[in-house]
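Asker: this is the structure alone, sequence omitted:
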């Protein structure tokens, strides 16, 4: 179980850091997150992910779950708002 948990953690960390690197390459976040090491890994994006995780360590598990749910609700709300904005701005293009 421990090995599976570590694999899940590293897989999630890799996906998050690569997504942040891609956003930096597109100019959506500061370009420092696109910096790669000699092993072609996004160094600063990984460090940011680790910093966020380290900030959550002192909190109770229940609080972290609630924070995750609030973040998910915020993301879904923003997705719907973006959809409605697209429908209003591009109403003629959408059939």
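Answerer: Ah, there it is. Keep in mind that what you see is a predicted model, and the values were worked out from it rather than measured. Residues are numbered from 1 along each chain as shown.
Asker: where are the low-confidence patches of the chain?
Answerer: Low-confidence segments of the chain (pLDDT under 70): 94-95.
Asker: for it, which segments count as helices?
Answerer: 2-25, 43-56, 61-89 (DSSP state H).
Asker: report how many residues lie close to residue 81.
Answerer: Using other Cβ atoms under 10 Å, residue 81 has 10 other residues around it. For the C-beta atoms, the positions are set from N, CA and C on the backbone; glycine is no exception.
Asker: look up how far residue 87 lies from it.
Answerer: 11 Å (Cβ to Cβ, to the nearest Å).
Asker: ok, residue 93 - contacts?
Answerer: Shown in contact with residue 93 (Cβ atoms under 8 Å, 6 or more residues apart in numbering): no residues.
Asker: please name the nearest non-neighbouring residue to the residue nearest the centre of the chain.
Answerer: The residue lying closest to the centre of the chain (Cα atoms, centre = their mean) is residue 16, at 5.3 Å. Once flanking residues are discounted, residue 16 sits nearest to residue 49: 5.2 Å by Cβ to Cβ, 6 or more residues apart in numbering.
Asker: dump the residue contacts of that neighbour.
Answerer: 13, 16-17, 20.
Asker: make it 6 Å
Answerer: Residues near residue 49 by Cβ atoms under 6 Å, 6 or more residues apart in numbering: 13, 16-17.
Asker: distance to residue 34 for the residues you listed - can I get that in CSV?
Answerer: Listed next are the contacts of residue 49 as CSV, based on distance: Cβ to Cβ, whole Å:
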residue, distance to residue 34
13, 17
16, 14
17, 11
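Asker: mind checking how far residue 29 is from residue 71?
Answerer: Going from residue 29 to residue 71 by Cβ to Cβ gives 17 Å.
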